[in-house]
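Asker: prediction below, plus the sequence it came from.
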Amino acid sequence: MGDFGAERRERPEPKDGDPFAGRTIVLTGTFHDLKRRDLAQRLQDRGAKVASSVTGATDLLAIGDGPGADKTAAARKFGTPTMDEKALREALGLPPFIEQASLF
């Protein structure tokens, strides 16, 4: 009830020992070839809770290009660990993003 025809997706069980399982993660900035909703889904599939703002309960702030000043300031205030896109991609088992040089 309340789905209004939305397709339900089976979520895989998180693997034991997964570094994201049970963690609250906030995303900020732009992640090169990944949409934030897709990245959030990958994290949720691994057992993480993806939140929209940094609080004292946040376990990790994942930072892409052009991160929000409020989120990074809150992470500093609360002592929240951060992870850049390169490390996040590696931890998720995604290939590295390779910058393309401009032809102009």
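Answerer: That came in fine, so what should we check first? Residues are numbered from 1 along each chain as shown.
Asker: just give me the neighbour total for the nearest residue to Asp84 once chain neighbours are set aside.
Answerer: In space, and not counting its chain neighbours, Asp84 is closest to Ile63: 5.5 Å by Cβ to Cβ, 6 or more residues apart in numbering. Every residue, glycine included, has its C-beta placed from N, CA and C. For Ile63, the count of nearby residues is 22 (other Cβ atoms under 10 Å).
Asker: and the one 10 residues further on, by the same measure?
Answerer: Ala73 has 11 neighbouring residues, counting by other Cβ under 10 Å.
Asker: what do you get for Gly79?
Answerer: For Gly79, the neighbour count with other Cβ under 10 Å is 7.
Asker: and the strands in the protein?
Answerer: In the chain, the segments counted as strands under DSSP state E are 24-28, 49-51, 60-63, 82-84.
Asker: go through stretch 87-96 and flag the buried ones.
Answerer: Of the residues in stretch 87-96, 88-89, 91-92 count as buried by neighbour count, 16 or more other Cβ atoms under 10 Å.
Asker: what about those, which are in helices?
Answerer: 88-89, 91-92 (DSSP state H).
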